[in-house]
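# Test case, fold it:
(one chain, ligands or ions: 1)
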Amino acid sequence: MAALLFRDDPYLRTCEATVLAVHGDAVELDRTVFYPLGGGQAGDTGRLGPWRVLDTRKGPTGDSVLHILEPGAAPTIGSTLEAQLDWERRHRLMRLHTALHLLGAVVKAPVTGGRIGEDKAHLDFDVDMSRLAAGDIEGELADYVRAAVTTRVMWVSDAELDARPELVKTMSVAPPRGEGRVRLLEIPGIDLQACGGTHVANTAEIGTLKVIRIRSEGKRNKRVTLELAT
Ligand SMILES: [Zn+2]
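Coordinates of the predicted model:
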């Protein structure tokens, strides 16, 4: 089990952490700023002490996190090391992740999939292609960014979430369950949904978005791909 510091403060770039376990090239820490691959968002990269962290994955149990180190790294159990994010990359992931919440509000249709990488991000919608016009989508996204809305994290119980199924928009990415509570991301007036990822504090921070592709990936998957202009 690790303390997941990114949950309360996604802007935290470093922390001191103690090595709890080593499984080959994967290291568990007692606390971490590294977000593990999940909910469509790529795992973080950075450094742990003298070694590079190439990827971050969820561990086998609960809140355990596996930091995948470069080959040859040999941290000692019980040692304390500085964990440092590749912040430039993570911040782009946060901007693109928050942008997908806006996209989900612009395209009012069921979401059937999604992925957030450092360069681009997409959502898949169960919608007719005729309803997806790149120029219109870009314009509405720009309005939401310009509105400079402050985002907010809230927690609800599993029971409350069960009573409000509309809070789970992404059919293919179920929110983390089993802890008795579920994290919600609210962009007031725009979007409210269960989400465990990392987001920017204000939509203005996303900057200019471009719709680089709209393509059919199947009967129920019309994919809209976004990119950051800067
Ligand atoms: Zn999110």
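
# distance of Leu102 from the ion?
Going from Leu102 to the ion by C-beta to the ion, to the nearest Å gives 11 Å. C-beta: built from backbone N, CA, C; applies to glycine.

# give me phi/psi at that residue?
Per-residue torsions, Leu102: phi -70, psi -40 (degrees, to the nearest 10).

# what's the answer for the one 4 residues further on, then?
Main-chain torsions, Val106, degrees, to the nearest 10: phi -70, psi -50.

# phi, psi of the residue in the chain positioned nearest to the ion?
Nearest residue of the chain to the ion, counting by C-beta to the ion: Cys195, 3.2 Å away. Phi and psi for Cys195, reported as degrees, to the nearest 10, are phi -160, psi 130.

# Mind giving me the packing neighbours of the lengthiest strand in the chain?
Of all the elements of type strand in the chain, the one with the most residues (DSSP state E) is strand 14-23. Judged by 3 or more C-beta pairs under 8 Å, 6 or more residues apart in numbering; DSSP states H and E, strand 14-23 is in contact with strand 26-29, strand 31-32, strand 80-85.

# now with 10 Å?
Packed against strand 14-23, as judged by 3 or more C-beta pairs under 10 Å, 6 or more residues apart in numbering; DSSP states H and E, are the following elements: helix 5-8, strand 26-29, strand 31-32, strand 46-48, strand 65-69, strand 80-85.

# What residues does the chain have near the ion?
Proximity of the chain to the ion, by C-beta under 5 Å from the ion, involves residues 185, 195, 197.

# And the pLDDT for the first one?
Listed pLDDT for Leu185 reads 92.

# Use 782 as the first number for this chain going forward.
Sure, I'll start numbering at 782, so the last one becomes Leu966.
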